[in-house]
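>>> Fold the stuff below for me.
(4 chains)
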Number of protein chains: 4
Amino acid sequence: MANVSIIGASGYTGAELMRLISAHPDLDLKAVSSRQFCGQPVEQVFGALGGEVTLSFVEPDHESLVKDIDLVFLAVPHQAAMNAVPDLMAAGVKVVDLSADFRIKDASLYEKWYVPHTCPEFLAEAAYGLPEFNRELIKKARLTANPGCYVTSVIMPLIPLLRDGLLQREGIIANSASGVSGAGRKASLNLIHGEVHENFKPYAVAGHRHTPEMEQELSLAAGGEVRLTFTPHLLPMDRGILSTIYAKPADKVSEKEIYVSWEKAFSNEPFVRILPEGRLPATKEVRGTNRVQIGLAKDPRSGLMKIFSTLDNITKGASGQALQNANLMLGMDEGLGLTGLGQTP
Amino acid sequence: MANVSIIGASGYTGAELMRLISAHPDLDLKAVSSRQFCGQPVEQVFGALGGEVTLSFVEPDHESLVKDIDLVFLAVPHQAAMNAVPDLMAAGVKVVDLSADFRIKDASLYEKWYVPHTCPEFLAEAAYGLPEFNRELIKKARLTANPGCYVTSVIMPLIPLLRDGLLQREGIIANSASGVSGAGRKASLNLIHGEVHENFKPYAVAGHRHTPEMEQELSLAAGGEVRLTFTPHLLPMDRGILSTIYAKPADKVSEKEIYVSWEKAFSNEPFVRILPEGRLPATKEVRGTNRVQIGLAKDPRSGLMKIFSTLDNITKGASGQALQNANLMLGMDEGLGLTGLGQTP
Amino acid sequence: MANVSIIGASGYTGAELMRLISAHPDLDLKAVSSRQFCGQPVEQVFGALGGEVTLSFVEPDHESLVKDIDLVFLAVPHQAAMNAVPDLMAAGVKVVDLSADFRIKDASLYEKWYVPHTCPEFLAEAAYGLPEFNRELIKKARLTANPGCYVTSVIMPLIPLLRDGLLQREGIIANSASGVSGAGRKASLNLIHGEVHENFKPYAVAGHRHTPEMEQELSLAAGGEVRLTFTPHLLPMDRGILSTIYAKPADKVSEKEIYVSWEKAFSNEPFVRILPEGRLPATKEVRGTNRVQIGLAKDPRSGLMKIFSTLDNITKGASGQALQNANLMLGMDEGLGLTGLGQTP
Amino acid sequence: MANVSIIGASGYTGAELMRLISAHPDLDLKAVSSRQFCGQPVEQVFGALGGEVTLSFVEPDHESLVKDIDLVFLAVPHQAAMNAVPDLMAAGVKVVDLSADFRIKDASLYEKWYVPHTCPEFLAEAAYGLPEFNRELIKKARLTANPGCYVTSVIMPLIPLLRDGLLQREGIIANSASGVSGAGRKASLNLIHGEVHENFKPYAVAGHRHTPEMEQELSLAAGGEVRLTFTPHLLPMDRGILSTIYAKPADKVSEKEIYVSWEKAFSNEPFVRILPEGRLPATKEVRGTNRVQIGLAKDPRSGLMKIFSTLDNITKGASGQALQNANLMLGMDEGLGLTGLGQTP
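Here you go, the predicted structure:
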């Protein structure tokens, strides 16, 4: 049994954390903060949590967020996260940070894409929170940087293949599309139903902030620099990311070798499913779950490998993975609270 | 621990049963049938269940559906259900029937709205599966008739009010709208995306089969005949029913008396939530859950009570309620496998 | 040929006016205003109008909005509209006001539901812009108050029936549902996709501002007071209103008499279609058009008449009707620019 | 003035043709066929056309489809189309064929992807119906093969660039996504709302029939073989295609040169819009229109050109383009009946 709190709980990742924690047998959610909704019962903001989450939002600096707390989920935007981390570390709580602030190990690279980094001293010790490839580090971490949603979908299938030398490092293209919840719960004109519904469009096409994060992890896996072409798109739906990845196989590499590499990497992973040949991922099959589903097809004309990867951007792409990391950091079974299956339809 | 099977598991109610049972700590799903997909692994039809439900569909008369089985979920259409019930009863298994075949106690009334009844001998003993008002009967039942989805949404808030004499029996209007999954998983032209999406329309306006079922239960509660005006509509969404009910309060009955009646009826009910004054139900808050949420507003002009009731037509409106009934019939805790909260968004 | 302008053109009604006017053979759109987007080309805000509407937004007090203009569409919120009207009247332009400011003839009633009325002197002369029942007045009007979207859907089928004495004046219930564009183009949390999509809910259940407007027009038609029970709901779609109306027929009135009354009222109306018995309205069939479609079913149990009425809240419910009114006020053929049919799907 | 008919009018392309023709000033729609709905008024199948299209469906071999007809729209599936063409040619009517049967000039290539070709003798004379690049041929054609929907979106921006030598012929990738209406109006399980809504998935990933058609036209433009990697995806929406194309610029080619090439190709084209730098296409902006919108971004890391192209698969991707072709074949103004703008929202 452990006590946890959420700083910044009034966004969609906060709501998802509360939903998941309420189904977790061994976590006790003690406090949740929101500057905007401070003082209001959680149920008033998130009707779906009524009756189960009986807390009210407190101010982000409220002592209940830290006192007698084992682990804090930091679900505030980047910059706000790194402002909070030093105090949390000093207080001796463990932290899973859902923002980008500790994902990129090179502070100057971070600053190129985001803002000046105010506590680079924690960059080195922060574990990159992709349990499938970083489990042991996460278990020992005080601070875990939860990966980006697009990033998780793109690097999950690529890491084993690059590590095993099955793909060329040059020319990888990741064409991704996300449901609109990835943009958060904000009163923003471009998020209203009339602008999103029955619409599909690209955005951030000349450079999305998830690109350097993908490249960092892929380069590590490949043992050499990987430069990626990445294009995100906005889908007319709430949840779900599908990444369609084009990569050149290394000399004479067959589809079978790719499946073998994946099998080796993922056969014991509870949340990664490699689909049998001929089946392709669909976002709906993993909606609301902590799963990644991965499929493969070789283009018969170009010989390119087409790799398809899907996850729920709010669950495995954010709060589900954060809980998976928290389980590891707290010495619990990694899958606690995360076994729910997707609804049909 | 009990063994269960599902006859007719390839529809949406079947998929939902499998999803829920896979999260149930004390049920073991032994066999599932489907004439259409017989021989295929469940995962090929319902990708979301991959890895958890490892069964393949068998023929509906396969012995594994009954042998060593404690309870069968009968998720086939009406008529097929009553054809199967005598053999199941003879085999000594308990049955939760999700069809309409045993909901209407008066065989001639059933026949007016459906087809000739082939085994009226089980009508009397079949428990009407609304646990909130019928719990003790269900606990002892061999055969439980799971209520209709619209029916559950309409009668849940009305039964206590009619029982307590707070509403006039005359002139109740139920204006309901349902997501399209209520029509099942069928290759039907009027269910394809192009016909449903960005569309809203009434149907079955001169008489829907759920009307006599509502009237039966409401008349029982009122201790006198209740005749209902019911209008269903089709929503451009997958899941969710909202019923907007107009009823005349009995002489001088106030909103407060209504809340008191509901409080009395539901304060210990795990799956019925009465919303505080000023909050109104929204289908999304109960999506994928076994919950009913109920709200109230008095029209200041006409004095009519407006009662709002929402549930997920596949969960509390069908498979969730079926599992709740099964838990009761098997002597288990009623809420097992049914505590999941709705996702936001 | 006439010159028109739009004050407040950056909302959905403004965009729709621009779309419709661009297809109008005899109107020349000279200027459009928007405080928020002032100085920006229209195309930057509404990509769909690119190439056709080459204007840029000007300030709301820009002289081009009035100078050499024959008619102004006033598409600003209530209050802003009545603040602008005196100057526009003084300038000698005709005005179609899409706001509520001149719809309710009784200033004190208006003030009860909205705000203090600052120019009640124009209330008497403002024509109520429902051409099907007010054509001659509109033709001569300097100022036309364009009806509310819900109002148009509810009163269109009821006016002839009340006028002809076919319905009882007591107990009419209008249960309506609207696509989200009815709430306008605003950066509002409750309008974002995550809150609206796959959701259905009631709102303003104890009193919506369109109620007094409906009652005013229905009472006029009935020759006596009509009090209405009205409940709006929010649909997970962009466009479309469906009103499901419950009304008691006057003594012995049959469905046939209702059809006859409608036939008499609407047989020459280009934008009102009475559906043959057995066919029911669906919002999608009138999407993007200036049409109202009306259907009827008698409830065999209660004897209530169920009247179904659908329109596109942005077109016949706002900008299309405004253009229809403008055509009349300018002495043009009423249907110019309004003949487009709905898309399938 | 000309007389036209539609063979196979009960699908979505048929409905769209009827919608567009009803707004065409100089076309008279004389007959429409449907085997399935033969004898039924069009309005019963497509409520949106009520009052305007007063025809009833006839059998596909009905003489009214040809007699006194100037041009026939052939909106039947491939194979059925080529079975009908010889008789239509013999009857002296002009034909716009919306199927794939006459798009691919090489009969053996056609047969590899489709079925045996039963009238290859018309392949040579059939004009490929992309007016922007084939206008003069279409004007003189008796038979025009209307391009595929994905094809139009992909080749429109690429043809001028390949013709002008601005792109390398090797390694072009087209990642496309389409609304579900592209799959037609069919009672098919994978098209029902529950399977499509809130879902996004790839399909036909190892080879879609539109690939050889794209390659044929791109190779012609490039003056040498172009081999394409193409991946289609299914969007949870009704209408709209977005193609995201990755291509290597030829040596030192800048974005500016690409814009110049497009300007040269499209500046006088009524239905192709090149968006200014920084603006990107969105499917909703062209929904229901005959427009293609094209945008560009150079990836700063890989140097790849990202080309974005959007259209409505039913309009410019099928029936709108068919009408544009018909206008040309009949000597009419190319844009007649096709000037409608997209709705917002």
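
>>> Secondary structure element holding the nearest residue to A:Phe308 once chain neighbours are set aside?
Nearest residue to A:Phe308, sequence neighbours excluded (C-beta to C-beta, 6 or more residues apart in numbering or on different chains): A:Gly295, at 4.3 Å. Backbone N, C-alpha and C define where each C-beta goes, glycine included. Here A:Gly295, judged by DSSP states H and E, is contained in strand A:292-298.

>>> what lines up beside that strand in the sheet?
Using DSSP bridges, the strands paired with strand A:292-298 are strand A:272-274 (parallel), strand A:305-311 (antiparallel).

>>> average pLDDT across the first one?
I take that to be strand A:272-274. Mean pLDDT, computed over strand A:272-274, is 98.

>>> What is the neighbour count of A:Leu162?
By other C-beta atoms under 10 Å in any protein chain shown, the residues close to A:Leu162 number 25.

>>> Which residues are in contact with it?
Applying C-beta atoms under 8 Å, 6 or more residues apart in numbering or on different chains, we find A:Leu162 in contact with A:169, A:218, A:221-222, A:226.

>>> for A:Phe200, same thing?
Residues near A:Phe200 by C-beta under 8 Å, 6+ apart: A:177, A:233-236, D:177, D:235, D:237, D:240, D:242, D:282-283.

>>> pLDDT at it, what is it?
The model reports A:Phe200 with a pLDDT of 98.

>>> Distance-wise, check the residue of the stretch 151-300 of chain A found nearest chain D relative to chain C.
Scanning the stretch 151-300 of chain A for the residue nearest chain D gives A:Gly194, at 3.2 Å (criterion: C-beta to the nearest C-beta). Distance of A:Gly194 to chain C, computed by C-beta to the nearest C-beta, to the nearest Å: 5 Å.

>>> Show the low-confidence segments of the stretch 1-150 of chain A, by residue range.
Applying pLDDT under 70 to the stretch 1-150 of chain A picks out no residues at all.

>>> one step back: mind checking which of the contacts of A:Leu162 are in helices?
Among the contacts of A:Leu162, the members found in helices (DSSP state H) are A:218, A:221-222.

>>> just these now: which is nearest A:Arg273?
Of all the ones in helices among the contacts of A:Leu162, A:Arg273 sits closest to A:Ala221, with 20.2 Å by C-beta to C-beta.

>>> my read: the closest one touches A:Arg163, true?
Yes - A:Ala221 is within contact range of A:Arg163, at 4.6 Å (criterion: C-beta atoms under 8 Å).

>>> rewinding a little: as JSON lines, the strands paired with strand A:292-298 with distance to C:Glu121 would be great.
Formatted as JSON lines, the strands paired with strand A:292-298 follow (distance: least, C-beta to C-beta, whole Å):
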{"stretch": "strand A:272-274", "distance to C:Glu121": "71"}
{"stretch": "strand A:305-311", "distance to C:Glu121": "63"}
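
>>> tell me the most buried of those?
Of all those, strand A:305-311 has the most neighbours on average by mean count of other C-beta atoms under 10 Å in any protein chain shown, namely a mean of 27.

>>> re the thing from before, quick one: which of the contacts of A:Leu162 has the most company?
A:Leu218 (26 neighbours).

>>> how about the strands of the stretch 51-200 of chain A, start to end?
Along the stretch 51-200 of chain A, the stretches classed as strands by DSSP state E, counting those that start in this stretch are A:57-58, A:71-74, A:94-97, A:127-128, A:143-145, A:172-178.

>>> ditto for the stretch 201-345 of chain A
Counting by DSSP E, counting those that start in this stretch, the stretch 201-345 of chain A has strands at residues A:201-202, A:228-234, A:241-247, A:272-274, A:292-298, A:305-311.

>>> Run me through the strand neighbours of the second one, direction for each.
What it means is strand A:228-234. Sheet pairing here is set by DSSP bridges, and for strand A:228-234 it gives strand A:172-178 (parallel), strand A:201-202 (antiparallel).

>>> Of all these, which one comes closest to C:Ala126?
So among these, strand A:201-202 is nearest, using C-beta to C-beta, at 41.7 Å.

>>> can you give me how far that closest one is from the chain middle?
Centroid separation for strand A:201-202 versus its chain: 21 Å, with C-alpha atoms, centre = their mean, to the nearest Å.

>>> Now whatever residue of the stretch 101-250 of chain A ends up closest to chain B: phi and psi?
Relative to chain B, the nearest point of the stretch 101-250 of chain A is A:Asp238 (4.6 Å; C-beta to the nearest C-beta). The phi and psi values for A:Asp238, taken as degrees, to the nearest 10, are phi -80, psi -50.

>>> residues contacting it?
Counting by C-beta under 8 Å, 6+ apart, A:Asp238 has contacts A:179-181, B:345, C:193-194, C:197-198, D:198.

>>> which of the residues you listed are buried?
Using 16 or more other C-beta atoms under 10 Å in any protein chain shown as the burial test, the contacts of A:Asp238 include A:179-181, B:345, C:193-194, C:197-198, D:198 as buried.

>>> Pipe the contacts of A:Phe200 into JSON lines and attach pLDDT, distance to B:Asp101 and neighbour count per row.
Formatted as JSON lines, those follow (pLDDT from 0 to 100; distance: C-beta to C-beta, whole Å; neighbours: other C-beta atoms under 10 Å in any protein chain shown):
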{"residue": "A:Ala177", "pLDDT": "98", "distance to B:Asp101": "44", "neighbour count": "29"}
{"residue": "A:His233", "pLDDT": "98", "distance to B:Asp101": "48", "neighbour count": "25"}
{"residue": "A:Leu234", "pLDDT": "98", "distance to B:Asp101": "47", "neighbour count": "23"}
{"residue": "A:Leu235", "pLDDT": "98", "distance to B:Asp101": "41", "neighbour count": "29"}
{"residue": "A:Pro236", "pLDDT": "98", "distance to B:Asp101": "40", "neighbour count": "26"}
{"residue": "D:Ala177", "pLDDT": "98", "distance to B:Asp101": "44", "neighbour count": "29"}
{"residue": "D:Leu235", "pLDDT": "98", "distance to B:Asp101": "40", "neighbour count": "29"}
{"residue": "D:Met237", "pLDDT": "98", "distance to B:Asp101": "39", "neighbour count": "29"}
{"residue": "D:Gly240", "pLDDT": "98", "distance to B:Asp101": "44", "neighbour count": "32"}
{"residue": "D:Leu242", "pLDDT": "98", "distance to B:Asp101": "48", "neighbour count": "28"}
{"residue": "D:Ala282", "pLDDT": "98", "distance to B:Asp101": "50", "neighbour count": "27"}
{"residue": "D:Thr283", "pLDDT": "98", "distance to B:Asp101": "46", "neighbour count": "26"}
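
>>> which of the residues you listed lies closest to D:Ser108?
Using C-beta to C-beta, the contacts of A:Phe200 come closest to D:Ser108 at D:Ala177, 30.8 Å.

>>> Run a quick neighbour tally on the residue in the stretch 1-150 of chain A that chain C sits nearest to.
Closest to chain C within the stretch 1-150 of chain A is A:Tyr12: 6.6 Å, counting by C-beta to the nearest C-beta. Other residues lying near A:Tyr12 total 26 when counted by other C-beta under 10 Å.
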